[in-house]
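Chemist: Have a look at this prediction, sequence included:
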Amino acid sequence: MDQSRPAPAPGPHRLALEGIVKRFAGAVLANDHIDLALRPGEIHALLGENGAGKSTLVKIIYGVLHADEGRVLWEGQPVTISSPARARALGIGMVFQHFSLFESLTVTENVQLALDGRQGENLAQAIDEVAGRYGLALDPKQRICDLSVGERQRVEIVRCLLQNPRLLIMDEPTSVLTPSEVESLFVTLRRLAGEGVSILYISHKLDEIRALCHRATILRAGRVVGACDPATTSTRDLARLMIGEDPGALERRDPPVWPHAAGDEAPRLELERLSMDAESPFAPPLTDVSLKVRSGEIVGIAGVAGNGQGTLLAALSGEHRAPRPEAVRVDGVAVGHLGPAARRDLGLAVVPEERLGRGAVPELSLAENALLSSYRSGALVRRGLIDRTRAHGLARTIIERFGVRAGGSRAAAGSLSGGNLQKFIIGRELLQKPRLLIASQPTWGVDAGAAAAIHRALLELRNQGGALLIISQDLDELFAIADRIAVLCAGRLSATRPVHEVSLEQVGLMMGGLFDDVPTPAPEARS
Amino acid sequence: MKMFLHLEARGEPSRLWIWAAPLMAVFLTLAVGSALFAALGKDPLQALNGFFIMPVSTLYGATELLVKAAPLALIAVGLAVGFRGGVWNIGAEGQLTLGAITGGGLALALGAVDSPLVLPAVLLAGVLGGMAWAAIPALLRTRFHANEILTSLMLTYVAQLLLGWLVHGPWRDPHGFNFPETAPFSPHAILPVLLEGTRLHLGIPLAGVVILAVWALLARGFIGFQIKVMGLAPRAGAYAGFRQNRLVWFSLLLSGGLAGLAGFSEAAGPIGQLQPALSPGYGFTAIIVAFLGRLHPVGIVLAALFMALTYLGGETVQLFMGLPLAVTGVFQGLILFFLLACDVLILYRVRVGRRPAPGVS
């Protein structure tokens, strides 16, 4: 791999930041005198936990935000990057984590919108040319809604490349890609770097940074806490620099034991050939999804975003009703026709993917957010009236028990950081002592410390006999905590397999829809 | 290069300003109102005195303020419940009219029945009438996803035409010299006057009690919490298992019922019979009152008193200074305008900046 990472050319820096300071309202220092320099042809990693200030810094470089102090030097010259248009004119391109593409338009039309004044035909040709040169397989005539997430990202990259950038910023580019898509992205990025394009690569994923990047700058709490050559630094050292403490190995409990393996008891959750339409026109419908989750196990559902995860979660939580009541059973009871409240009464708890606006109401206090899903337990509501003392008590219990960093039970949910709010939501669901917990992306965008705490809490519920279904795009997470794993692709669910019997590559293949290329497990007699 | 004015979201809106903005809006309304009076050739101080002080300088004036503020506050509190939950009942005027029709109809039908139950019965009929009228937009929204802003507003005109037909036609008082009005209600169906020499009737303390009850419901009741969640984050409400349709029904029936009560109280209080023009637009003004009062019961009571004053003030300056009655509408419009403008400035700060034209580097 080292031969594909030639040392960047010496000479003046492509981009240099000197003493960048950005303050937000309330005097929070998001960037505290940050220095950063990129050479031509260098792939430079920007590494840090959530809230470390990476996004702020990148937005300053791309002209979305303006620094309060400090200098930006472009090719050695001081510049003011007043807007993204100015950044693009200088030669800075950015691929955002959340793509900005019009789903109903074609690839060419989307690119055309970004580059005003270029003809469609030439443009299709130019797209083909750039895509071919960098190994980005893409059909300019296809509509975005028919493309996979990886292909959509290629559209974003091609759109940047057509403007001949000299600095390309990639924000968490691999978070939604399959392993093979990641490999091909790296090939593209290395080729670009070989041609002298500087790349600022933002990621949490330490292995990727070690494989790809020439330099790494590590941010913590708005400050640069270290810079290193990631290839010669161990993953453990990188993690320590990023988190500031030894991450502490996740306590992997005993190998899975299924207390009810004899099969007398009905599974806690059973999906039987569930088919239903998606909420949005751009998500695939669920087709014949069958699954069993038993007491004392964690079943993980892997898959690239947009393959039916949202519909599946809504079908399980009761936010969308199944066409047949028997398609969804909780403890043997057909619940497909029941709403969320009735399902909660059967011991179901749900952690949705979106924390703000679904799992919690940002404007309301933590006490009110504790009430949001706990109102049927703990005598919080009596004769139609809310017992506010108890609601605040519950919120304080969640805060203490799950180590939520918050300004008390009166703090607005929106004032918490993503990780702390997620700990609060998961704590709220766990305190209802659910018999069955369904969580989507439980540690998405959460820092490593909070993620470890969340994983410990989920495993504890499992060890106490709870049944858990975790929908996640983070394979490392599923391999760390799940007992069995299945893959959702284009609305179909693969058979579940014990985690220790499948490899990362096999899951990656299934995420690409190749269910049949993976050897089938032993007959599904007991699982 | 072009100059741009752009709005930049502030992080946290200031709590102080959330409540100071309505006062600011009142102040700006007074300032612009003075200029307006000056432009009409009147002494602004004298006009403001006539508009805001004179009407309430007597006991009768002060009680009139309450007579006008009570229906405004009653309707606005009901509307505020729905507004918190994103249910936009714009047709309180129609529900008010229908409440007056059903309550008045029962009062006329009962005629001279002498029972202490007559008054509760006719009040209840008024409430049910308002509810029934609000049930139509509720049904249309929950069954057919019809926008309740349009349906409730359109039903207002239907209700007013229905009232007009009734008082011009079947319900016209045979001894009324052909005036378009019903026979006076019997004394048992009338809200008794509490203070001799004024029009301060039982409907006013009744409105106070109802407003307190709604306040308790909003502050402590689980249904109030559900409505709040539904307004702030509908997806969180669905996640929690709150039934949106039930909350739409609840908000519309509550606001319709309170508007109906206000409507019949108007007919059975100061007026004593049904007439084609029962309300000087209370149902619409109450929308301004609800927002001026920040959808909070205490704020709504204060806002209702202020808006009631604009009605009295308009009449006073018409009488004593020969200014047109439209001054009332102008003041009500000004205050809503300034409140909305202040709100924009609370949530955003204005930046004057330059942006390079596209393509220029």
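Modeler: Received it, and whenever you're ready, just let me know what you need. Note that the coordinates shown come from a computational prediction; the quantities given were computed from them, not determined experimentally. Residues are numbered from 1 along each chain as shown, chains lettered A, B, ... in the order given.
Chemist: now the residue in the stretch 101-250 of chain B that chain A sits nearest to: how far from A:Ser374?
Modeler: As assessed by CB to the nearest CB, chain A sits closest to B:Gly241 within the stretch 101-250 of chain B, at 3.3 Å. From N, CA and C alone the C-beta is placed, and that goes for glycine too. Using CB to CB, to the nearest Å, one gets 12 Å for the distance from B:Gly241 to A:Ser374.
Chemist: and if you look at B:Leu323?
Modeler: B:Leu323 is 58 Å from A:Ser374, by CB to CB.
Chemist: A:Ala221 reaches A:Gly53, doesn't it?
Modeler: Yes. Between A:Ala221 and A:Gly53 there is a contact at 7.5 Å, judged by CB atoms under 8 Å.
Chemist: hey, what's in contact with both of the two?
Modeler: Shared contacts of A:Ala221 and A:Gly53 (CB atoms under 8 Å, 6 or more residues apart in numbering or on different chains): A:Asp32.
Chemist: Looking only at neighbour counts, state which of these two leads.
Modeler: When A:Ala221 and A:Gly53 are compared for neighbours, A:Gly53 comes out ahead with 25 against 14, by other CB atoms under 10 Å in any protein chain shown.
Chemist: Alpha carbons only: can I get the helix or strand containing A:Ile127 in PDB?
Modeler: Assigned by DSSP states H and E, A:Ile127 belongs to helix A:120-133. The C-alpha coordinates for helix A:120-133 follow below in PDB (Å, rounded to 0.1, in the frame of the first residue of the first chain):
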ATOM      1  CA  GLY A 120     -25.800  19.500 -21.700                       C
ATOM      2  CA  GLU A 121     -24.200  17.500 -24.500                       C
ATOM      3  CA  ASN A 122     -20.700  18.600 -23.800                       C
ATOM      4  CA  LEU A 123     -21.300  18.200 -20.200                       C
ATOM      5  CA  ALA A 124     -22.400  14.600 -20.500                       C
ATOM      6  CA  GLN A 125     -19.200  14.000 -22.400                       C
ATOM      7  CA  ALA A 126     -17.100  15.900 -19.800                       C
ATOM      8  CA  ILE A 127     -18.700  13.800 -17.000                       C
ATOM      9  CA  ASP A 128     -17.900  10.600 -18.900                       C
ATOM     10  CA  GLU A 129     -14.300  11.800 -19.300                       C
ATOM     11  CA  VAL A 130     -13.700  12.700 -15.700                       C
ATOM     12  CA  ALA A 131     -15.500   9.700 -14.400                       C
ATOM     13  CA  GLY A 132     -13.500   7.400 -16.700                       C
ATOM     14  CA  ARG A 133     -10.200   9.100 -15.800                       C
END
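Chemist: hang on, the earlier thing: contacts only, for the residue of the stretch 101-250 of chain B closest to chain A.
Modeler: Shown in contact with B:Gly241 (CB under 8 Å, 6+ apart): A:318, A:339-344, A:373.
Chemist: Please repeat the previous calculation with a cut-off of 10 Å.
Modeler: B:Gly241 makes contacts with A:317-319, A:338-345, A:350, A:372-373, A:375-376, B:226, as judged by CB atoms under 10 Å, 6 or more residues apart in numbering or on different chains.
Chemist: Can you list which of these are found in helices?
Modeler: A:317, A:340-345, A:372-373, B:226 (DSSP state H).
Chemist: from these, which is closest to B:Val352?
Modeler: Comparing the ones in helices among the contacts of B:Gly241 against B:Val352 with CB to CB places A:Leu372 closest, at 41.8 Å.
Chemist: Nearest spatial neighbour of that closest one, chain-adjacent residues omitted?
Modeler: Closest residue to A:Leu372 apart from its sequence neighbours, by CB to CB, 6 or more residues apart in numbering or on different chains: B:Ala240 at 4.9 Å.
Chemist: This completes my enquiry, with thanks.
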